[in-house]
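>>> how would this look folded up:
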Amino acid sequence: MNHHILFVHIPKTAGTSFRKAAEEYFGVKNTFYDYSPKSPETSKEILTAIYEANDPYRLFKKISRKRHSFLSGHFPVSKYAPLYDAMDIVTFVREPVSQVISHYNHYRSYHGYKKELDDFIEEPRFQNIQSKNFKGRALMHFGFVGLTERYESPP
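Okay, here's the model as predicted:
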């Protein structure tokens, strides 16, 4: 049976560790990333099919030829959801205050953000990061929604 997973990686919700584990499980050749056209992590196949040809079905055709695949990135679920069964779409969410503080600290450490937390939370690009990734889709339209706070807990 073929298995293709779409992982909506919401920033600062334990997604990187999940993504790395999935890459190990699925294998590098079956793992695809979309972290923006400028990101070095974005896969060549994504750059070609999505950002150059604007043809998501071209990408899905390539992916669906594989027995298993894993597509992950910082994108709203609506970008790729039409290509996947709802049960094959997964994400993690985090307690909102912790997520915002972690995102703020990340921006200060890795992006040279100099403003205070109060300024950070007032900027529209940083507001409601988790819900923006759902783009009006209910959580029930995901096959799995994990909680960062329970990430290490046994099932």
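
>>> only C-alpha atoms from now on, for both contacts and neighbour counts.
Will do.

>>> any weak-confidence spans in the protein?
1-2, 153-155 (pLDDT under 70).

>>> so which residues of it form strands?
3-8, 31-34, 68-73, 89-93, 144-147 (DSSP state E).

>>> could you tell me the end-to-end distance of stretch 65-78?
End-to-end span of stretch 65-78 (C-alpha to C-alpha, to the nearest Å): 22 Å.

>>> same deal with stretch 49-57?
Stretch 49-57: ends 8 Å apart by C-alpha to C-alpha.

>>> beta-bridge partners for Leu71, please?
Leu6, Phe32 (DSSP bridges).

>>> residues contacting it?
Counting by C-alpha atoms under 8 Å, 6 or more residues apart in numbering, Leu71 touches 4-7, 31-34.

>>> and it, how far from Phe134?
16 Å.

>>> and if you look at Tyr107?
Relative to Phe134, and taking C-alpha to C-alpha, Tyr107 is found at 22 Å.

>>> what about those two, which has more around it?
Phe134 (19 against 15; other C-alpha atoms under 10 Å).

>>> close enough to count as contact, that one and Tyr80?
No. Between Phe134 and Tyr80 there is no contact under C-alpha atoms under 8 Å: 11.7 Å.

>>> can you check the distance spanned by stretch 122-132, start to finish?
Stretch 122-132: ends 16 Å apart by C-alpha to C-alpha.

>>> possible to save the strands of the chain as CSV with distance to Gln127?
Putting the strands of the chain into CSV (distance: least, C-alpha to C-alpha, whole Å) gives the following:
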stretch, distance to Gln127
strand 3-8, 17
strand 31-34, 21
strand 68-73, 19
strand 89-93, 15
strand 144-147, 19
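
>>> so which of those gets nearest Ala14?
strand 89-93 (7.2 Å; C-alpha to C-alpha).

>>> same for the closest one, what does it pack against?
strand 3-8, strand 144-147 (3 or more C-alpha pairs under 8 Å, 6 or more residues apart in numbering; DSSP states H and E).
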